[in-house]
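Novice: Predicted structure and sequence below. I'll ask about it afterward.
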Amino acid sequence: MRKRRGAGRPTIADVADRAGVSTITVSRALRDPAKVSEALRERIDAAVRKLDYVPHSHASALASSRSNIVGVIVPSLTNNVFADTLRAIYDELEQGPLQVQLGNSRYVAAEEERLIRIFLSQRPAALIVAGGDQTKAARALLEKADCPVVQIMEVDPNPIDMMVGFSHFEGGRAAGYHLLQRGYRRIGFIGARMDPRSRRRMEGFAEALRSSGRYDSELFMTTTRSSSTSLGAELIGALREKRPDIEAVFCNNDDMALGVLFGCQHAGLRVPEDLGIIGFNDLEMMAAACPSLTSIRTNRYGIGKTAVDMISARLDGEGPENCVVDLGFQLQERQSTARRA
C-alpha cells in the first residue's frame, strides 16, 4: 500500500490506495460505474467519501515509479485494420490516467525490436504489440518486461503474457470451403506483402482446397509489394493471362479484393458468374462495392477493447480470467460469391 504523498487535496492515487485497486479502476468507476463490479464500486465510493475526493481534470496518472504510458506497437498506421483497433484502445483509455504512446514498426522485425526497447526504457504501465511473430530478442525482452503485455490480432496457446485475436489459418480455411461449397472448381489466391498473418491465411485456404482435391499451385500468386487496389487489379490480370480458366479467387485482404473486382470490370468479366471474389477483414467498402464483396469479418474494434480490459484486470490484480481470448471471425457472404452451386 503506497503512503499518501503529503498533505493537501487528495488524489486519485490516494483513492486507489485506500480502495486497494489501481488508479485506472478508480477512473473507470467514476467515469462509468457500470464497467466495474458492484463490490468494487462500493469500495471506491467509500474511499471517495472518506477522503472527500473531488476529481480533477489535471490529476496525475499513476502514483508509482511507472509511467502512465501504454505502449502500442503496430506494423502500419494507414491500414484500416489497425485503425479500428487503435480507435478502440483510445476510446477505452480516454479520460483515464493512462495515455497511449504509438509506435509503427512498418512490418520490419528489427524496428519492432527497437521500439520495444525504447518503450521498456520508459517503464510503461503496459505494452500492446501486434502479432505473435516477434524476433527471439524481442520475445525475450517482452518476457522479462515488468508490466502487462498483450499480443493482439492473433491467438496462440503460448502467448508471451496475454493475447487476443483470432485464427488467420481458420479464417483462410473458411474462405476456401465457402468457394468450394458455391461450386467453384479452379480456385486461386492473390496476396500482397505476405506478412506472417497473410501467410497463415493462405495456408488455411490451401488446406481447404487440398482436402477437396482442388489445390493448384499455379493459381496462387503472391508478391512482397504493399497491398493496394491497383495492385489487386494488376495481379488478377497477370493471373488470368497465365490461367484464363480460373473461376474464383481469395485475396489476403479487402484492398486486394476490391482491386480484383476493378480488374474484372475493366476486362468485361462478370462477378460472380465469371469470377468469384472473397476478401479478408470485411472493411466498410466491401458492402458498398457493386457488386458487393464477400469477406471474412474480423472483430478489430473488439480486439482493442479486450486488450485494454485485460490490461486493466492485470493492473487490478484480478486476472484476466483467460490469458488467450479468441474473438473468432464471421464469413460475410455477398454478391461476389453468390453463384448458385
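Specialist: Yep, that arrived. Because the structure is predicted, anything quoted here is derived from the model rather than measured.

Novice: Show me what the helix or strand bottoming out on mean pLDDT in the chain is packed against.
Specialist: Within the chain, confidence by mean pLDDT, DSSP states H and E is lowest for helix 23-31 among all helices and strands, at a mean of 80. On a contact count with 3 or more CB pairs under 8 Å, 6 or more residues apart in numbering; DSSP states H and E, helix 23-31 meets helix 12-19, helix 38-51, helix 300-315. Placement of C-beta: from N, CA and C, glycine included.

Novice: before we move on, which element is E241 in?
Specialist: Taking DSSP states H and E as the definition, one finds E241 inside helix 229-242.

Novice: Next secondary structure after that helix?
Specialist: Next along the chain after helix 229-242, taking DSSP H and E as the criterion, comes strand 248-251.

Novice: can you redo the helices and strands packed on helix 23-31 as a markdown table with mean neighbour count, distance to V249 and mean pLDDT?
Specialist: Listed next are the helices and strands packed on helix 23-31 as a markdown table, based on neighbours: other CB atoms under 10 Å; distance: least, CB to CB, whole Å; pLDDT from 0 to 100:
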| stretch | mean neighbour count | distance to V249 | mean pLDDT |
| --- | --- | --- | --- |
| helix 12-19 | 23 | 54 | 85 |
| helix 38-51 | 16 | 51 | 86 |
| helix 300-315 | 23 | 23 | 94 |
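
Novice: Of those helices, which is nearest D146?
Specialist: Of all the helices and strands packed on helix 23-31, helix 300-315 sits nearest to D146, with 12.0 Å by CB to CB.

Novice: so how far is the closest one from its chain's centroid?
Specialist: Centroid displacement of helix 300-315 relative to its chain, using CA atoms, centre = their mean, to the nearest Å, is 11 Å.

Novice: just stretch 273-286 next, same as before
Specialist: Remark: stretch 273-286 is offset 20 Å from the chain centroid, using CA atoms, centre = their mean.

Novice: how long is that stretch end to end?
Specialist: Criterion CA to CA, to the nearest Å; first-to-last residue distance in stretch 273-286 is 18 Å.
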